[in-house]
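Colleague: Model the following, please.
(chains A, B and C)
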Amino acid sequence: MVFAAKSAESRAADPETTACLRKSRATRIGIVPTAAAAALTLWSGALLSGALWTSGARAEAVRLPILAPTSGILALEGASQRDGALLALKHAPKGVTVERLVLDTGSSPQRAVQAFEKAVRGLLPVAISAPIFGPEMLAIMPLAKERKVPLVTISGTAKITELGNPYVFRFFPGDAVVKTAQARYTVENLKRRKVALIYQTTAYGQSGRRHLRANFAKLGAKIVLDEGLSPRVKDMTPVLLKLRRAGADVLVLQLHSGPTALIVKQAVGLKLGLPIVAGSAMHQPSTAALLDPAALKGVCAESGSSPISGGGARMRAFATAFRARFGRAPDAFAAAQYDAVTMVLQAVANGARTAAAVRSALAGGRHDGIAMTYKSDGKGNMAHDAVIVCYDGKTRLPAIVKRYHNVDGAL
Amino acid sequence: MEIGQLFLNALVLGASYALVALGFVLVLNATAAVNFAHGDLVMAGGMLAVALSAVLPLDTGVPGLLVLPLVLLAMAGAGLLFSLVAYFPLRRGPPVSVFISTIAVGIMLQHGIKALMGPAEQVAPPLIAGPRLEFAGLVASRQALATLVVAALLIGGTALLLARTQFGRRLRASAQDPEMARAIGVRVPVMIAASFALGTALAGAAGLLFANSYFVSPGSGGNLMIKAYIAVTIGGWGSAPGALAGALMIAFFEVGVAAWLSSPVAEAALYGALLLTLVLRPQGLFGEPAGRRV
Amino acid sequence: MAARAHPSEHRIQLMRRLAWICAAAALAAYAFAVADSYVLRVLTLAGTYAILVMGYQFVFGQLGALSLAQGAFFGIGAYTAALLGLKLGTPYILNVAAAVIVVVALAALIAVPVRRLQSHYFALATLGIAEVVLIGVRNWEALTGGGDGYAQVPGMALFGLVIPRGWGEFATVWSAAGLLAVLAWRLQRGLPARVHALAREDPIAAAAAGIDTGRLRFNAFLWSAAYGAIAGALAIPVVRVISPEVAEFKVMVACLAMTVVGGRTVIAGAFVGALLLYPMPEWFRFLEDHYLIAYGGVLLAAVLLAPDGIAGLAARVLPAPRSPGPPPAPVTDREADASPARPRGGAALEVRGVAKRFGGLTALEGVSLRVEAGEIVGLIGPNGAGKTTLANIISGQYAADAGQVSLGGRTLTGLPAFRIARAGVARTFQTPALAAGLSALDNVATVCAGVGRTDGGPAARLRRAHGVAAAALARAGAAAYDMETVGALPHALRRRVELARALALGPRFIVLDEPAAGLTADDITDLAATLRDLAEAGIGFLVIDHDMDFLLPLAGRLACLHEGRLIASGSADAVRADPAVIEAYLGPDFAASGGTHR
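Modeller: Modelled structure (predicted):
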């Protein structure tokens, strides 16, 4: 066609155009050297990552890896758990050396499973300090059974001891214990029967709520308001006003640390004037640190123990050592994990050097820990005591006002 | 009076959200890029306030107010640094890479601060310390009222800066039409850096307010980022008054629906309302229907 | 038909296939050499993420639409497969299939209202949906088990055979990934790849080429949902626990990061991204508490050094898939008759009483115009008079607030732009709307995706499209540049490519918006001659321009717009002498100087 021919001419004639076009062809590199470079990179990457992924194990030391969610939504509890375990390792009995291996489970079952696999690589551990997060526990339990490695945990999720897995040992009183204590204190001691139950729409909150409802029903108290809160809620005014309107005479909480502090603060701000019986989050020093001491008057919490509330000499020594090592006050989670790892280490010191032996020691033994006495009820629940702590409105240090011993009768 | 109390508290929450949204939309306008780390910057401002209160002697009646200018200054500097790391190197590349770079910096901020200050929630000093106030059956903490005042001042001040000063005019010019602005002699990269500094300073102020009223932890950023994103979209993409309106609407919606029904319903309903808005009026309240000039 | 592919192109294809095979072999060899459950599990989950990212590439990589629902698809797919297996005990394959069906159905439901949303609105709508899914999964305890979820989810089984952990799951996931990669490749190769590139780079140009970008996005969304569901269903048996973490936003962020770092338009990018980023937190475990800081740092470095992704970097380093060779042979007359480039005979374009308002500004009011088949009408008027607005209304970029546009009696008002293009109204833009990354031939060939035959395999359709495009380029006078990347072409040539694209539609009417701007005198003469030839073939033209030397000899009639109203319309001479037109636009010097406007 006329125009095609003309264009070919003009293309040949116009140096600027051809120069422009010529430039776009300039960036060509040969195929073969590039492919070789790519293959080389791939192989060296594989080798390198293989090197990074192997863990060196010293033959004489015993392995007790610490798995805890130190990132994600349970980072706070996970850090407590980890630090309690680390302190226990530091205080290991004479003759027991433990290789340090701390693995973050990321508040995600997937990462927990990967952490478990990494923990059991090479030399099999005698036990694993297992994460507090329920779904993570549920994910690694079948693997622990396969590998025959006992898990010592403080996870509160009821199910972990209901699946017939002989390798799980829970060192924190489960919901069956602490929720009973929380309900009983509300009804029997505070004499309140019109309950506003506020729970978190997470695993922790939902599980606690079920137990609380059952307990209050048994005790003959009425639940006038039962409402869930997402962890992201900042303004609790709607639910506070609602429960006042519903005629509640006590506020029972099953919330995480931040939301617990928020609702206490806002309840005080609205002059609600109701006693508050909160979940274990309220006993944690980091939660109390968020509030003015005056705001804490009339606030109580359930827990397995309360390291900063005094107690025996060993508990006080633990609190001092923890503060010295980690620069902050310990909570019940740290104490419980400390007890769990200590029980394992003592079994090792008494001659249990394999996972199977440690498991037997845990299943059959009895341990006087700093928080309480631990003994398996046959299903892996080791802790059967709970405490209620209350704040007096003058300091941020709660006092233990009631101890519930052997709540589920298993000791 | 219940409705009054709910209204007041929603207003205070909305004022805090509004500061966050304003900082977000300033950067958005200047760069047409969504800063996924904005929420983390708010958190950083709050954490900075917490850290400062631990080291400085603040036994006055207005500890938060004393810390505020320091936070504003420091966060402005942080914003400049942020732009140098996450935005300027990628300016000429595909816009989606700025998403990722801001996400990456957000991750580093979040975990870096967690490594420094621990994972627990922390509380910053109140703007004005002292007992709560009561009037007409309503209860309000001094912090709540101070929040309203400070937020209004900061927002008003920013609006004045943008509308009445030469600097503000230049900022707006380079946001609206960078090519034209460059042609008339405005140094666009400097203006962009300034927008980052201003937006991040506002984020820092928001963080200071949040850290006292609602506490702050290293993970607080993600939720705030989403709220800002929603506010800006409902209000009208790129419109600063729209962002403020959107932020207030979110707060009122959250509090209102939670009071009427329940909080989980309010959460789901917020997203439902968002989706409805997007389908029925995608340009938001104050936005012009988006279109490319052809 | 198109010339036999240049020999080096075959060699390049061969090298690419070899590279894939080498990579697969390297992966298998590595897994075999290390062969421990830890590495296998990490690699298996990385494989599921590779599938997730491949799915994401359909909607985000190919079409550039930022969907934030991909994580939700993963989550719902996981939940569906897990709950079916747990509660009903159905076999694994059925669960996976059910997951795909449920997720795709859900995606179809949400795609309908959001399909017309642009960029960040689409992103936010999909984010909203993802958040609602998470809230539902957390709070609907009876169905999903709430925050705790369910344990003891059954593992993988194929036809009754239980697939063991470790090697079994690794092989299953990676075989699935391989098959899905081949499927993705087949879906995209040939003409669709070019169409997607155009839709991604310039949606307005795509609409002008008759491409239904809404439908493209809908299809891509559904495919991304299907892949996401498969990824979720495959990931669950590796963990055997179902809980809300699989539906959290973290999954979406990871997917996005892997897509961008790996390279979003290249399938290999999905594998690079997943294999690099998924195991990275594991590599950094020795940093204990600080490992996520390092992860963020590496992510930042990766995006700073390779903004187009790592595979994109490789693609730039390797030679382009085609080196310029002889252009494809021009289409024979018979084939030209069958192709859409053959003009269908002209039709009259009628504009009646069109009005358009933007907020308080009235851009057009009561504009009526008629252009017969084969007629060239020039549209003149000062800047801001509304000429481009009128062009946009005719071609469908804008919707008129009042009035009607029809072509040969068929009403076009209210139709989306791509339908108007397919109906026979083509247009060019003030700034040529082309995909700068594609060659001229590819740019024009995209037209055949919307119009033209759809039979034959992908290779045949691409060849046909290239044939049509070559003919159109020849007619527009740009045949010699068909293989050049449009981004490298000078302005005048780009205009010709755009004209070629308009011609490839087989239009009955063409609107040209300032076609002479920026052209040299020679180019303008060429252009005028081309347009006259086309008009003789029966195509009507509406030409907007300011260059009177170009327009006056060319146009039979002129129309003059001023402040949104048509102030004059008629023969060129009459309009030229019209005092209103002189006052508003031409200026007294124009008349005085005898009509030259230089």
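
Colleague: I'd like to know the phi and psi angles of the spatially most central residue of chain C, please.
Modeller: Among the residues of chain C, the one closest to the centroid is residue C:199, at 2.4 Å (Cα atoms, centre = their mean). Backbone dihedrals for residue C:199, given as degrees, to the nearest 10, come out at phi -60, psi -30.

Colleague: so what's the residue in the stretch 101-250 of chain A that chain B sits nearest to up against?
Modeller: Nearest residue of the stretch 101-250 of chain A to chain B, counting by Cβ to the nearest Cβ: residue A:238, 3.7 Å away. Quick note: C-beta positions are derived from backbone N, CA and C, even for glycine. The contact partners of residue A:238, by Cβ atoms under 8 Å, 6 or more residues apart in numbering or on different chains, come to B:6, B:255, B:258-259, B:263.

Colleague: which of those come close to chain C?
Modeller: Filtering these for proximity to chain C by Cβ under 8 Å from any Cβ of the partner chain leaves nothing.

Colleague: Can you tell me which of those residues lies closest to chain C?
Modeller: residue B:263 (10.7 Å).

Colleague: quick one: pLDDT of the closest one?
Modeller: If you check residue B:263, the pLDDT there is 88.

Colleague: How about the contacts made by the residue nearest to the centre of chain C?
Modeller: By Cβ under 8 Å, 6+ apart, the contact set of residue C:199 is C:63-64, C:206, C:211, C:213, C:216-217.

Colleague: do that again at 7 Å, thanks
Modeller: Residues near residue C:199 by Cβ atoms under 7 Å, 6 or more residues apart in numbering or on different chains: C:63, C:206, C:211, C:213, C:216.

Colleague: May I ask which two of these are separated the most?
Modeller: Taking Cβ to Cβ as the measure, the contacts of residue C:199 span a maximum distance of 11.1 Å, between C:63 and C:211.

Colleague: so which helix or strand takes in residue A:135?
Modeller: Using DSSP states H and E, residue A:135 sits in helix A:134-147.

Colleague: again with residue C:124
Modeller: Here residue C:124 is assigned to helix C:119-139, by DSSP H and E.

Colleague: Enumerate the positions of the helix holding residue A:135 that are buried.
Modeller: By neighbour count on 16 or more other Cβ atoms under 10 Å in any protein chain shown, the buried set for helix A:134-147 is A:134-145, A:147.

Colleague: which of the residues you listed come close to chain C?
Modeller: A:134-135, A:138-139, A:142 (Cβ under 7 Å from any Cβ of the partner chain).

Colleague: any weak-confidence spans in chain B?
Modeller: Scanning chain B with the threshold set as pLDDT under 70 gives B:1, B:287-294.

Colleague: What residues does it have near chain A?
Modeller: So chain B meets chain A at B:2, B:5-6, B:9, B:13, B:114, B:119-121, B:123, B:132, B:139, B:141, B:214-215, B:217, B:223, B:254-255, B:258-259, B:262-264, B:267 (Cβ under 7 Å from any Cβ).

Colleague: picking up where we left off before, list just the nearest of the ones next to chain C among the buried residues of helix A:134-147 to residue C:555.
Modeller: Closest to residue C:555 out of these is residue A:135 (73.6 Å), distances taken as Cβ to Cβ.

Colleague: from memory the closest one sits against residue A:109, does it?
Modeller: Yes - counting by Cβ atoms under 7 Å, residue A:109 is a contact partner of residue A:135 at 4.8 Å.

Colleague: For the stretch 151-294 of chain B, just list every one of the helices.
Modeller: Along the stretch 151-294 of chain B, the segments classed as helices by DSSP state H, counting those that start in this stretch run B:166-176, B:178-183, B:188-213, B:221-235, B:240-260, B:263-280.

Colleague: I'd like the ones you listed written out as a markdown table, with mean neighbour count added.
Modeller: As requested, these are exported to a markdown table (neighbours: other Cβ atoms under 10 Å in any protein chain shown):
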| stretch | mean neighbour count |
| --- | --- |
| helix B:166-176 | 17 |
| helix B:178-183 | 14 |
| helix B:188-213 | 26 |
| helix B:221-235 | 25 |
| helix B:240-260 | 23 |
| helix B:263-280 | 19 |
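
Colleague: which one of those lies closest to residue A:173?
Modeller: helix B:263-280 (28.3 Å).

Colleague: helices or strands up against that closest one?
Modeller: Contacts defined by 3 or more Cβ pairs under 7 Å, 6 or more residues apart in numbering or on different chains; DSSP states H and E place helix B:263-280 against strand A:222-229, helix B:221-235, helix B:240-260, helix C:119-139.

Colleague: For residue B:207, which of these is the nearest?
Modeller: helix B:221-235 (8.8 Å).

Colleague: Which elements pack onto the closest one?
Modeller: For helix B:221-235, the packing partners by 3+ Cβ pairs under 7 Å, 6+ apart are helix B:2-31, helix B:38-55, helix B:240-260, helix B:263-280, helix C:119-139.

Colleague: Which of the ones you listed sits closest to residue A:289?
Modeller: Of all these, it is helix B:38-55 that lies closest to residue A:289, at 10.8 Å by Cβ to Cβ.

Colleague: pLDDT value on residue C:343, please?
Modeller: pLDDT, residue C:343: 50.

Colleague: ditto for residue A:56
Modeller: Residue A:56 is assigned 48 on the pLDDT scale.
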